[in-house]
Structures are given as structure tokens and as C-alpha cells.
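# Fold the following.
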Amino acid sequence: MKIDLTPCYILHHRNFSESSLILDVFSRNYGRINLIVKGAKRNKKYYGINFDLYQKYNLSWISKSELGTLIEIEIAVSKTSFNPKKAIIGFYINEIILKLLHKHEPHSELFDTYELTLNKLFANKNEKILLRYFEKQLLQSLGYGISLDYDTKTGSLIDPSIDYYYKIESGPSLDFITPNEGMKISGKTLFELNNETLSDNKNINEAKDLLGMILRKYINQPLESKKLYMSYTQIKNNLTN
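Okay, the predicted model is just below:
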């Protein structure tokens with residue numbers, strides 16, 4: 001099967017032999033795929049191509065097995081420079097996609113959300129809010145049943161003025177649950193997360209706790225991006241003290 005130029009982002013790359021690369025790619029029309037770039041470090045046709053993360057490319061490849069072979073690459077839109085903190089946050093986004101998205105399952109709307117999130121992130125929009133919206137949309141896109149807009153016990157719409165208990169397996173209700181079953185959360189946070197209108201720190205932090213709790217159910221191993229962010233923060237603090 002031959003795929004002609006199609007929009008893609010590289011989520012991760014690693015060396016393969018002395019001159020080649022293996023790419024983890026998120027494509028708009030074909031989902032997550034793996035490609036080998038033969039002679040990536042020596043072939044003149046890749047001159048000026050760094051296989052950067054967060055850079056939108058148009059890729060062509062041929063695929064006879066689980067691992068496709070890149071045959072053409074062009075830069076779709078040139079990216080602007082960004083600081084290390086934003087790059088680490090982007091690394092986190094890439095990592096949870098790699099952990100949760102099955103190969104060869106197209107998610108064109110999620111691809112568009114990913115692209116928009118990157119653009120806003122590197123335009124210095126509030127990363128804490130951007131991450132919450134992306135996590136929510138990722139979980140919903142993959143069918144993990146995250147419920148935010150109604151009481152799962154009564155069917156009533158969420159009331160922003162009262163508190164709920166969010167049970168991991170089902171969603172929010174007024175029924176008390178223990179901490180190992182879920183968490184207590186304000187209706188305002190649920191309402192604002194659902195409508196993507198998060199504003200104050202209390203609700204942003206509650207949304208972070210909620211989505212983190214749900215993600216941990218499906219990603220049962222430490223994330224390298226979080227370790228990297230902690231190291232970056234520690235180094236930055238040491239330099240400013």
C-alpha cells in the first residue's frame with residue numbers, strides 16, 4: 001500500500017542502525033503509525049529535514065507490514081521557536097497519545113485538536129488549561145466514557161452550585177464514594193471543563209486531579225515527560241536561587 005503526501009506530526013523518533021531512524025507518527029488520515037527512514041542521516045534528499053517534534057509535515061510512505069517505509073517528506077508549515085518548558089509540555093502530550101492511541105485507527109478530529117493545542121501552547125496560551133482540554137478530548141475521542149454534563153444516577157444536568165462525587169467507572173453523582181473509588185469535585189469544575197470555560201486556579205486544579213485520576217486508570221506506568229519536567233523545574237529553581 002502506498003500513501004501519498006498526508007498531514008502528519010512526529011511524536012517520537014529513535015535511531016535504527018548507523019544511519020536510519022524509526023518514527024512514531026500521528027497522521028491525520030491513518031492514525032498512529034511507525035515508519036523507518038532509511039539513510040536519514042546520510043541521504044541527500046533529507047537535507048534540511050531534522051524530523052522535529054511539533055513540526056507539521058506532509059509524508060508519503062509504502063507499507064507492506066506493521067512498519068512502513070518513508071519515501072517522501074516535506075515541511076507543511078514552518079514552526080516558530082519555543083522554550084524548553086513548552087517543549088516538555090508538548091512531550092507530555094505526545095507521550096499520552098503514544099500510550100493510549102492504538103495504531104492504524106484514524107482520529108482526524110483528535111489530530112486537529114492536537115494541532116490546535118500545539119499552536120496555542122507555543123503561542124504562550126495558558127498551558128494548564130490547554131492540557132486539561134486536550135486530556136478531556138483525548139479520553140472522549142478514544143471512547144473512555146468520561147461524563148461531565150449530567151448526574152449519572154439521576155440524569156439531571158450538572159448544577160455548578162453544588163458538589164459531586166466522581167466515580168471513575170461511571171461519572172458524577174451525589175452518592176458518597178470512598179477515595180479509592182474516585183474523588184469529590186465541584187459542579188462548577190465539571191460544568192466549566194465540559195464547556196471549556198475554566199478560569200480560576202481552584203477549578204483548573206480540580207480538573208487536573210480529575211483527569212489525572214482517569215488517565216492513571218489507563219496508563220499504569222510512570223510518564224517520562226513528568227520526570228523530565230520535574231528535573232527541568234529543579235534545575236531552573238537552582239539557577240534562580
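# drop to CA atoms for contacts and neighbour counts, all remaining ones
Will do.
# Shouldn't residue 185 be within a strand?
Yes - counting by DSSP: H, G, I helix; E, B strand; the rest coil, residue 185 is located in a strand.
# hang on, isn't it packed against residue 206?
Yes - Residue 185 is within contact range of residue 206, at 6.8 Å (criterion: CA atoms under 8 Å).
# and stretch 166-182, which residues are buried?
By neighbour count with 16 or more other CA atoms under 10 Å, stretch 166-182 contains the buried residues 166, 167, 168, 171, 172, 173, 182.
# Among those residues, show me the least confident.
Lowest pLDDT among the buried residues of stretch 166-182: residue 168, with 88.
# List the contacts of the nearest residue to it once chain neighbours are set aside.
Among residues not flanking residue 168 along the chain, residue 182 sits closest, at 5.4 Å (CA to CA, 6 or more residues apart in numbering). Contact partners of residue 182, counting by CA atoms under 8 Å, 6 or more residues apart in numbering, are 165, 166, 167, 168, 213.
# From residue 191, how far out is residue 182?
Residue 182 sits 18 Å away from residue 191 when distances are taken as CA to CA, to the nearest Å.
# same thing with residue 44?
Taking CA to CA, one finds residue 44 at 53 Å from residue 191.
# more neighbours, those two?
Between residue 44 and residue 191, residue 191 has the larger neighbour count (other CA atoms under 10 Å), namely 21 against 10.
# does that one really touch residue 149, like I thought?
Yes - with contacts counted by CA under 8 Å, residue 191 reaches residue 149, the gap being 6.5 Å.
# Quick check: neighbours shared by those two?
Applying CA under 8 Å, 6+ apart, one finds that residue 191 and residue 149 are jointly contacted by residue 158.
# re the thing from before, for the residue nearest to residue 168, phi and psi?
Note on residue 182: its backbone torsions stand at phi 170, psi -140 [degrees, to the nearest 10].
# Tell me what it is bridged to.
residue 167 (DSSP bridges).
# what about stretch 208-223, distance to the chain center?
Chain-centre distance of stretch 208-223: 13 Å, with CA atoms, centre = their mean, to the nearest Å.
# no no, stretch 114-132
Stretch 114-132 sits 11 Å away from the centroid of its parent chain (CA atoms, centre = their mean).
# neighbouring contacts of it?
Residues outside stretch 114-132 that contact it (CA under 8 Å, 6+ apart) are 54, 80, 82, 86, 89-90, 93, 134, 193, 198, 204, 207-208, 211.
# out of those residues, which are inside helices?
Of the contacts of stretch 114-132, the ones assigned to helices by DSSP state H are 86, 89, 90, 93, 134, 193, 204, 207, 208, 211.
# Format these as a markdown table; extra columns: neighbour count and pLDDT.
Output for these, formatted as a markdown table (neighbours: other CA atoms under 10 Å; pLDDT from 0 to 100):
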| residue | neighbour count | pLDDT |
| --- | --- | --- |
| 86 | 16 | 88 |
| 89 | 20 | 92 |
| 90 | 22 | 93 |
| 93 | 20 | 96 |
| 134 | 17 | 97 |
| 193 | 22 | 97 |
| 204 | 19 | 97 |
| 207 | 24 | 98 |
| 208 | 17 | 97 |
| 211 | 19 | 96 |
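# Tabulate those in a markdown table, adding columns for distance to residue 7.
Shown next, in a markdown table, are these (distance: CA to CA, whole Å):
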| residue | distance to residue 7 |
| --- | --- |
| 86 | 22 |
| 89 | 22 |
| 90 | 18 |
| 93 | 18 |
| 134 | 19 |
| 193 | 29 |
| 204 | 32 |
| 207 | 31 |
| 208 | 30 |
| 211 | 29 |
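# Among those, which one lies nearest to residue 68?
Minimum distance to residue 68 across those is 23.6 Å, recorded for residue 93 (CA to CA).
# which residues does that closest one contact?
residue 131.
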